[in-house]
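> After the sequence you'll find the predicted model.
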Amino acid sequence: MLPVGGIIVGVIALLLGGYSAIKLSSVNRTLAAHEEKMARFDALESQVGTASAASDKATRDLSALTRSTQDAFNQVGAELGNLRGSITKLEEAAKAAPVKSGKAGGAAAVAGPGEYIVKSGDTGAKIARNQGVSLPDLLSVNPDVNWNRLAVGQKVKLPKK
């Protein structure tokens, strides 16, 4: 009976070995499929890491751009303030300029001997012609006069005839 028991045990062992081989093959296929999925996850993880690094760099670049833009706005604001102050000074000077007409105490300017008071529409040539003097003589006795900007009420010297 011992040999029959050995055969029965051998057959059971053989059946269990065959079943184990089939199960092991199934487990190997499942493991291979899982390894493929894990490779995809690793690739996705790598892409996510690259995207995260690019996002961090973009955030740093954006912060630097924001700082430089704010600095530029601050500089422009300061310059605009300076320009505004200059414009205000120019406007005040323009308002004050008409008051300063060369008239003493609000009275009309009076021409002394050898002088002429500029009227509206006068030019150097017109003054010389009306006063009977040559234009070069009129220009030579008035070297400090800007003949392109004659002001009404301005005194000019007349050359001797």
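Thanks, I have it. Not measured: the values here are computed from a predicted model. Residues are numbered from 1 along each chain as shown.
> count of residues packed around residue 156?
21 (other Cβ atoms under 10 Å). Where C-beta positions appear, they are placed from N, C-alpha and C, glycine not excepted.
> now it, what's its secondary structure?
Judged by DSSP: H, G, I helix; E, B strand; the rest coil, the three-state class of residue 156 is strand.
> Report the secondary structure element holding the residue sitting nearest the centre point of the chain.
Centroid-nearest residue in the chain: residue 72, 5.8 Å away (criterion: Cα atoms, centre = their mean). Element membership of residue 72 [criterion: DSSP states H and E] is helix 2-96.
> for the helix or strand that that helix is followed by, packing partners?
The helix or strand immediately downstream of helix 2-96 is strand 115-117, counting by DSSP H and E. Applying 3 or more Cβ pairs under 8 Å, 6 or more residues apart in numbering; DSSP states H and E, one finds that strand 115-117 makes contact with strand 155-157.
> Remind me what the strand it packs on packs against, helices and strands.
strand 115-117.
> ok, back up a step: quick one, grab the pLDDT at the residue nearest to the centre of the chain.
On pLDDT, residue 72 comes in at 95.
> change the start of the numbering to 34 and stick with it
New numbering, starting at 34: the last item is residue 105.
> Residue 80 versus that one, what's the distance?
For residue 105, the distance to residue 80 equals 37 Å [Cβ to Cβ, to the nearest Å].
> elements contacting the helix holding residue 105?
Helix 35-129 packs on no helix or strand, going by 3+ Cβ pairs under 8 Å, 6+ apart.
> what about that helix, distance to the chain center?
34 Å (Cα atoms, centre = their mean, to the nearest Å).
> What strand or helix carries residue 159?
Going by DSSP H and E, residue 159 is in helix 157-164.
> State the next helix or strand along the chain beyond that helix.
helix 168-174.
> re the thing from before, can you list the buried residues in the helix holding residue 159?
Buried residues in helix 157-164, defined by neighbour count with 16 or more other Cβ atoms under 10 Å: 157, 160, 161.
> which one is the second one nearest to, not counting chain neighbours?
When you say that, I think you mean residue 160. The spatially closest residue to residue 160, leaving aside those adjacent along the chain, is residue 149, at 5.9 Å (Cβ to Cβ, 6 or more residues apart in numbering).
> Next up, the contacts around that neighbour.
Applying Cβ atoms under 8 Å, 6 or more residues apart in numbering to residue 149 gives the contacts 160, 164, 188, 189, 190, 191.
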